[in-house]
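> this one's structure only:
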């Protein structure tokens, strides 16, 4: 199946966007959809070559939709090779979960010290409570708490973002458990109903590249993703 | 070269604070100078920490423990460093930029700069450009060091440099930047004087900017 762009569409995305993409991708749009491990961004240099390997593995010249933001420079230096790349022009997945870069910046400016939880992040165990449990197993309770304090003491807010009331309800139990743990640093707990608008548009543009605007990057064959392209 | 140096580098790398303190004391009792213990032992270990972190072979908890171990050694060495009459090599104002509260790297740079002989004025995290400007006026540092962990907040570095310019202070200080998303190209674009790829590299840069290396 080719897109109206004439190129087969391939999606390579972080698992954190799996729910949204599976819901929004028209069944006949993408020839291949690959969800990559959560948390590649923790080592951006590794993320770069992991994503690059996934791109290089696509043989036929394609429109590759990357379900990633710049992610701590994880995409910086990724090469299109024989493909065309379509990338949301976002710092990270939070903008995509909230629906726009604007919404992200609004939240960011309201409370810079926000730790974000999403269904995906909770399911993958990527949250402070799990982190503490892992440290505890490895280093013992005192050292574990010291490590946590070093990393989280400046945060002010814990926010669960989801895209339906149902998802919020489903995630709340675990989120509240995390929230209780984070009370140690006086983090307040909030819930935000996100928007699927950004991912919806990503999918729409994958079907018609002419609709791409300043919220997206289109990297032609031979091009390279660069940090500067994300700076607004 | 004393075997103590190698051992010290190793125990800093391992984040073993007790052993660091023990070896520092041993070195001093054997007549090694505080400066040599620091430069040839602990700093060598910390440089390796920086390199491994960058390569994804060490993670934040291990880096924190190495930093804490080194801090333990520095507490022992500090009186000796002061008593040796070593001149301060410069003054540096540091902080994470507005919107960014990730201060682990900045704290590490501060500690290493202090060890290297800088007077360090730490403005903390989420530092407004105005606060940097006020600190430049008050403390008249040679260097201002800014860090950010997020690409979202990295932009505030350029804004802070601009504010320093507008306050007419840009030629009074060297500006260095660092943090995970920062690279040389970005530093050049925002007209910083330099960028450190990790904390030890940041300190080397600070020394060069202060004309001490």
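Perfect, thanks for sending it. The structure displayed is predicted, hence computed values, not measured ones.
> use CA for all of it now, contacts and neighbours both
Noted.
> so who does the residue positioned nearest the centre of chain B touch?
With distances taken as CA atoms, centre = their mean, residue B:109 lies nearest the centre of chain B, 1.7 Å away. Shown in contact with residue B:109 (CA atoms under 8 Å, 6 or more residues apart in numbering or on different chains): B:199-200, B:202-203.
> may I see the buried residues of the worst-scoring helix or strand of chain A on mean pLDDT?
The least trusted helix or strand in chain A, going by mean pLDDT, DSSP states H and E, turns out to be helix A:119-123, with a mean of 89. Using 16 or more other CA atoms under 10 Å in any protein chain shown as the test for burial, helix A:119-123 gives A:119-122.
> the residue of chain B most remote from its centre and residue B:164, how far apart?
Outermost residue of chain B with respect to the C-alpha centroid, by CA atoms, centre = their mean, is residue B:30; its distance is 28.3 Å. Applying CA to CA, to the nearest Å, the value for residue B:30 to residue B:164 is 48 Å.
> the longest strand along chain B pairs with which strands, and in what direction?
Looking across chain B with DSSP state E, the single longest strand is strand B:90-96. The strands that strand B:90-96 pairs with in its sheet are strand B:118-122 (parallel), strand B:143-147 (parallel) (by DSSP bridges).
> so after that strand, what's the next helix or strand?
helix B:104-116 (DSSP states H and E).
> one step back: redo the strands paired with strand B:90-96 as a markdown table? Include mean neighbour count, distance to residue A:67 and mean pLDDT.
Below are the strands paired with strand B:90-96 laid out as a markdown table (neighbours: other CA atoms under 10 Å in any protein chain shown; distance: least, CA to CA, whole Å; pLDDT from 0 to 100):
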| stretch | mean neighbour count | distance to residue A:67 | mean pLDDT |
| --- | --- | --- | --- |
| strand B:118-122 | 19 | 38 | 96 |
| strand B:143-147 | 27 | 28 | 98 |
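> so who does residue A:121 touch?
Contacts of residue A:121 (CA under 8 Å, 6+ apart): A:16, A:38, A:127.
> also residue A:211?
Neighbours of residue A:211 in contact, by CA under 8 Å, 6+ apart: A:204-205.
> now do the same for it: its pLDDT.
pLDDT recorded at residue A:211 is 95.
> ok, it to residue A:220 distance?
Distance from residue A:211 to residue A:220, by CA to CA: 15 Å.
> likewise for residue B:62?
Taken as CA to CA, the span from residue B:62 to residue A:220 is 40 Å.
> mean confidence score for whichever strand or helix holds residue B:136?
Element membership for residue B:136 (DSSP H and E) is helix B:129-139. Taken as a whole, helix B:129-139 has a mean pLDDT of 98.
> neighbouring contacts of that helix?
B:93, B:97-98, B:123, B:144, B:159-160, B:163-164, B:167, B:169, B:173.
> I'd like to check the angle between it and strand B:90-96, please.
160 degrees (axes from the mean of the first three to the mean of the last three CA atoms, to 10 degrees).
> would you mind giving the domain segments of chain B?
Domain assignment for chain B by automatic domain parsing gives B:3-83, B:90-209.
> for the first one, measure first residue to last.
Same thing as domain B:3-83. OK, domain B:3-83 end separation, CA to CA: 25 Å.
> re the thing from before, between the buried residues of helix A:119-123, which is nearest residue A:183?
Comparing the buried residues of helix A:119-123 against residue A:183 with CA to CA places residue A:122 closest, at 17.8 Å.
> what about the lengthiest helix in chain B, distance to the chain center?
Ranked by residue count, the top helix of chain B under DSSP state H comes out as helix B:60-83. Helix B:60-83 sits 12 Å away from the centroid of its parent chain (CA atoms, centre = their mean, to the nearest Å).
> list the helices and strands it packs on?
With contacts taken as 3 or more CA pairs under 8 Å, 6 or more residues apart in numbering or on different chains; DSSP states H and E, helix B:60-83 sits against helix A:141-152, helix B:3-14, helix B:17-29, helix B:34-36, helix B:43-54, helix B:104-116.
> where do the helices sit along chain A?
Ranges of helices in chain A, per DSSP H, are A:18-24, A:44-56, A:93-98, A:101-110, A:119-123, A:128-139, A:141-152, A:165-182, A:197-207.
> nearest to residue A:65, of the helices and strands packed on helix B:60-83?
That would be helix B:43-54 among the helices and strands packed on helix B:60-83, by CA to CA, at 27.9 Å.
> what comes up buried for that closest one?
Those would be B:43-51, B:53-54, for helix B:43-54 by 16+ other CA under 10 Å.
> wait, which of those is closest to chain A?
Among those, residue B:54 lies closest to chain A (CA to the nearest CA), at 8.0 Å.
> flag every residue of chain A that's near chain B.
A:43, A:45-46, A:70-73, A:91, A:108-109, A:112-113, A:147, A:150-151, A:154-155, A:228, A:231 (CA under 8 Å from any CA of the partner chain).
> could you redo the last one with a cut-off of 7 Å?
A:43, A:72-73, A:91, A:112-113, A:147, A:154 (CA under 7 Å from any CA of the partner chain).
> just to revisit the earlier point, how about the domains of chain B in a markdown table, adding distance to residue A:98?
Listed next are the domains of chain B as a markdown table, based on distance: least, CA to CA, whole Å:
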| stretch | distance to residue A:98 |
| --- | --- |
| domain B:3-83 | 28 |
| domain B:90-209 | 15 |
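> give the full set of residues in contact with residue A:195.
Residue A:195 sits next to A:97-99, A:163 when contact means CA atoms under 7 Å, 6 or more residues apart in numbering or on different chains.
> from residue A:97, how far off is it?
Distance from residue A:195 to residue A:97, by CA to CA: 6 Å.
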